[in-house]
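K.L.:
predicted model follows, preceded by the sequence.
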Amino acid sequence: MTDSAPTHTPTMTKLPLAERLRPWLPVLLVPVLIVVGYLIIPSSSSWLTLTVSGLAMGMMIFVIASGMTLVFGLMDVINFGHGAFISFGAFVGTTVLLALGQMTGAPSLLLNLLAIAGAVLAAMIVTGGMGWAFERVIVRPVYGSHLKQILVTMGGLIVAEQLIYVIWGGHEIVIARPETLKGAITFAGAALEKYRLVAVAVGLIVFLGLRLVLRRTKLGLIVRAGVENPEMVQALGYNITRVFVGVFIAGSALAGLGGVMWALYQEVITAHMGNEIMILVFIVVIIGGLGSVEGCFIGALTVGLVQNYAAFMEPKLALISNIALMVAILMWRPMGMVPVVKAK
Amino acid sequence: MMRILSGDSPKSAVLAVLLALILLALAFAPFLFPGSRSLETAARICIFIVLVASYDLLLGYGGIVSFAHTMFFGMGAYGVAIATARMGTSYPSLALGALAGMATAGVVALLIALLSLRVRAIFFAMITLAIASAVAVLVSQLSTITGGEDGMNIRIPRELTPAFRLGEVMGTGINGKILNYYLVFFCCLGLFLLMLRIVNSPFGRVLLAIRENAFRAEAIGYRVVLYRALATCLSAMIAALAGSLFAIWLRYVGPATTLGMEIMMDILLIVVIGGMGTMYGAVVGTAIFVLAQNYLKELMGGVSEATSALPLVPDLLSPDRWLLWLGVLFILSVYFFPTGIVGRLRGTR
């Protein structure tokens, strides 16, 4: 009798659709939300307007929040002073734009964009430098203790906000958008503000750029590995502290960029604008999953859309709607939509 | 004496003298410092001692950072205001308003705690910040219920207002305002001793254990989430009571006086500078802070004018910028004196 091995062909049972869909659910949230918005908002032209402004707002929040979430993911540092970078960015950017009044007033797209680029560059350099100082002086001594981090960065926020009062005075500053970005274009019967389209584009560029750096470069590889297991990266010979400082500076500079974008969006800036935006940023960072750039992106778009739809349906609900959204998502996924897996 | 203090002695002669001085000054404030401004300051100190101590229960003993403490404070204040506006001026409506505010604060605190502490303690800080600011916006928008930005005036029973006169003691006219002050004073004293009792009970010890090492406390068999949630509720409820007292004292409640982020910052600064995890830190810190707020600003104004010839210096020293220096002091004290004034006096680091 010869025993030959039984012939069998192993078959992988296909996972049911629901199982395969599960990891993609957060990604689907934004399109689903847009469709729901289409169904509940009676007029399709106002739906289009609201969607664009929701996306614009979401993109700006994403630009601000991405740095903060990466800083947390990489070094477990929670920076409550992030709002100060937003305000400083807005004030520096506005000062530059006001100084370049001739360029912003000219009806030439090129000159306008050059002026904005100058403002953004100045704001990012200043807030990046601030981020470096902030990390050195304020955050460095309190690694590893969340309690002290929260207290100390909050103290840093107070000091930075007061410095704005000292430098620029307490009154709010009005800043007009550059000439060619004023007004709206009409598309399919809906009025779309030009500036919002620009904001969406800038946000997309930042997101794609971040993804490209994180997924395709060696630096990104180190950062992603650092998020998962900093000690291992350290053991392999990379100076994780230096990487972290770099991420902190980049994150602060992005907050400065976000501040300039927000200033041009609202067309008025105040010293405490950073604090008001930070509330949305915290909601975004929590629902996205602390440490995850993708989650942050989805969360920011969701928050922007929900805020705009809710404000249209019932103005008083705008801020509460975001709290409700956060509660709902935390009940669905307690660690946020795209949780960061820590090898610890 | 030790029984009243729940066995938690000041453990430092200087601190004991300081505390006794503050207690005596507050107890006899109407007679020692006549004048409505100083009485106002004294009542504010009493209420803020309770408010700050209840925050210390959370931050210093529980190791949890909350930014919603003024929200709970406001709940108590608005509870009294709404109850008296709806039910008329009477003692039962004052009591009912205070109780309703306290109950609301407790329930909301429990919900926030269960939602966020279950996941990670760090969420708590962010979620409370978001919720507190949403509530502040809501309060200023729902003007039919809360009076909006203008706030609400509260009509309290006549016996507690200056119009009610009783006669004279030691050359000071006793009126309803002074009765009101003593209501505030004794309630605050009672609440403070109650908190001292709580932190020195077995419950308080477990909280300390969790603050030091949550993982180990869980391993020993204490339900960390449960203890933290309970501490949150207790602290919220006491803050609400302090808010009710504040509303009764001021006879007014508005978003700026109860819900503002500035007050939250003040509380945070007082706790850290006074000393986290020591109830007495709240007393010493509040007394120094409120006095400094009232009198140091004038000094800064003087210095600012004296240096007006220099560039930038007068701006840095103007009385409006006192928060700047407080912020610097705050950061330095977190680094170098994490146990605050009380810790320094006790000689521990």
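P.N.:
Cool, the structure landed. Values in this document were obtained by computation on a predicted structure and should not be read as measured data.
K.L.:
drop to CA atoms for contacts and neighbour counts, all remaining ones
P.N.:
Noted.
K.L.:
contact residues of the stretch 1-150 of chain B facing chain A?
P.N.:
Contact residues (CA under 8 Å from any CA of the partner chain) of the stretch 1-150 of chain B with chain A: B:63-65, B:115, B:119, B:122-123, B:126-127, B:129-131, B:133-134, B:138, B:141.
K.L.:
could you flag which of those are buried?
P.N.:
Those of the residues of the stretch 1-150 of chain B next to chain A that meet the buried threshold are B:63-65, B:115, B:119, B:122-123, B:126-127, B:129-131, B:133-134, B:138, by 16 or more other CA atoms under 10 Å in any protein chain shown.
K.L.:
so where's the chain shaky on pLDDT?
P.N.:
This is for chain A. Along chain A, the model assigns pLDDT under 70 to residues A:1-6, A:10-12, A:341-344.
K.L.:
oops, wrong one, chain B.
P.N.:
Applying pLDDT under 70 to chain B flags the ranges B:121, B:169-172, B:309-312, B:315, B:348-349.
K.L.:
who in the stretch 51-200 of chain A is up against chain B?
P.N.:
Within the stretch 51-200 of chain A, the positions lying close to chain B (CA under 8 Å from any CA) are A:138, A:141, A:146-148, A:150-152, A:155-156, A:158-159, A:162-163, A:166.
K.L.:
now the helices for the stretch 151-300 of chain B?
P.N.:
Under the criterion DSSP state H, counting those that start in this stretch, the stretch 151-300 of chain B carries helices at the ranges B:176-199, B:202-212, B:214-220, B:224-250, B:255-258, B:261-274, B:279-306.
K.L.:
check which helices and strands the fourth one sits against.
P.N.:
Packing contacts for helix B:224-250, counted by 3 or more CA pairs under 8 Å, 6 or more residues apart in numbering or on different chains; DSSP states H and E, involve helix B:36-56, helix B:69-87, helix B:91-117, helix B:176-199, helix B:202-212, helix B:214-220.
K.L.:
deepest in the core, which of those helices is it.
P.N.:
Greatest average neighbour count among the helices and strands packed on helix B:224-250 goes to helix B:69-87 (a mean of 27), per mean count of other CA atoms under 10 Å in any protein chain shown.
K.L.:
mind giving me the packing neighbours of it?
P.N.:
Applying 3+ CA pairs under 8 Å, 6+ apart, one finds that helix B:69-87 makes contact with helix B:91-117, helix B:121-141, helix B:143-146, helix B:224-250, strand B:252-253, helix B:255-258, helix B:261-274.
K.L.:
what's the angle from it to helix B:224-250?
P.N.:
Counting by axes from the mean of the first three to the mean of the last three CA atoms, to 10 degrees, helix B:69-87 lies at 50 degrees to helix B:224-250.
K.L.:
contacts for stretch A:322-337 next, please.
P.N.:
Around stretch A:322-337, the neighbours that count as contacts under CA atoms under 8 Å, 6 or more residues apart in numbering or on different chains are A:26, A:280, A:283, A:286-290, A:295, A:299, A:303, A:306-307, B:115, B:119, B:130-131, B:134.
K.L.:
quick one: contacts for residue 177?
P.N.:
Went with chain A since none was named. Per CA under 8 Å, 6+ apart, neighbours of residue A:177: A:104, A:264, A:267.
K.L.:
meant chain B actually
P.N.:
So residue B:177 contacts B:160-162 (CA under 8 Å, 6+ apart).
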